[in-house]
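Novice: here is my input; please provide its structure:
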Amino acid sequence: MLIRLASSVALMFGLAPHAKAGWIHEVRAPSAALPATSSLRYDAAPDVGTPRLDEALLALTDASRVELDILVLHERMLEADFQHELFLLLRASAPSQLEEALVSSGNHDNPALLALRRPFLQAVSDSRIVTGYRQDLAKHGLRVADVQLEKLALDASGDTPRLRCFLWLTLLPL
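Specialist: Reported below is the predicted structural model:
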């Protein structure tokens, strides 16, 4: 419990570790308000889950559980390589919206971040990371239907700006 708490605190400050992170399969039972879902969640904690997405998908196939609705990427997005790529893509596709957001930074209600939302979703979709995920998913008869986010925030107070949000990919059969 203490290790998970430390990991959560590290994530809040954008210090996501990358060593031996992995994918965890989670199933949520249906409720009166929500349908059942099957997801793979990327967890940045050391020695957790299956290290690569293709291995996690293969494990689900081997267990005859290929139904998968969501890939949860909140923690993956915090890692330096993904952050770097997202900023590169945003600088190329939406430089003025990114500059406005960097100058004002802040939380999800900030108008500058609302204007950055659509370019951000496109950057995630176009990233080499999500492109690789698409290839892995296609091998298992799945495709990315949509990129979703909640509460996009930008911290530009330090030397390296950091984007944060709840981020997931919704999946459908091919």
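Novice: looking at the chain, which helix is longest?
Specialist: helix 111-126 (DSSP state H).
Novice: measure residue 121 to residue 52 for me?
Specialist: Taking Cβ to Cβ, to the nearest Å as the measure, residue 121 falls 24 Å from residue 52. C-betas here are computed from N, CA, C, even on glycine.
Novice: what's the longest strand in this structure?
Specialist: Across the chain, the longest stretch assigned as strand under DSSP state E is strand 142-155.
Novice: what segments of the protein are helices?
Specialist: All helices of the chain, identified by DSSP H, fall at 2-12, 53-62, 74-77, 80-93, 95-104, 111-126, 128-138.
Novice: nearest to residue 157, out of these?
Specialist: helix 95-104 (10.6 Å; Cβ to Cβ).
Novice: out of the helices of the chain, deepest packed?
Specialist: Comparing these by mean neighbour count (mean count of other Cβ atoms under 10 Å), helix 74-77 comes out on top with a mean of 21.
Novice: circling back: output the contacting helices and strands for the longest helix of the chain.
Specialist: Secondary-structure packing of helix 111-126 (3 or more Cβ pairs under 8 Å, 6 or more residues apart in numbering; DSSP states H and E): helix 80-93, helix 95-104, strand 142-155, strand 162-173.
Novice: kindly recompute the last result at 10 Å.
Specialist: helix 80-93, helix 95-104, helix 128-138, strand 142-155, strand 162-173 (3 or more Cβ pairs under 10 Å, 6 or more residues apart in numbering; DSSP states H and E).
Novice: residue 69 is nearest to which of the ones you listed?
Specialist: Using Cβ to Cβ, those put strand 162-173 closest to residue 69, at 5.9 Å.
Novice: relative to helix 80-93, how tilted is the closest one?
Specialist: Our comparison of strand 162-173 with helix 80-93, counting by axes from the mean of the first three to the mean of the last three Cα atoms, to 10 degrees, yields an angle of 90 degrees.
Novice: perfect, that will be all.
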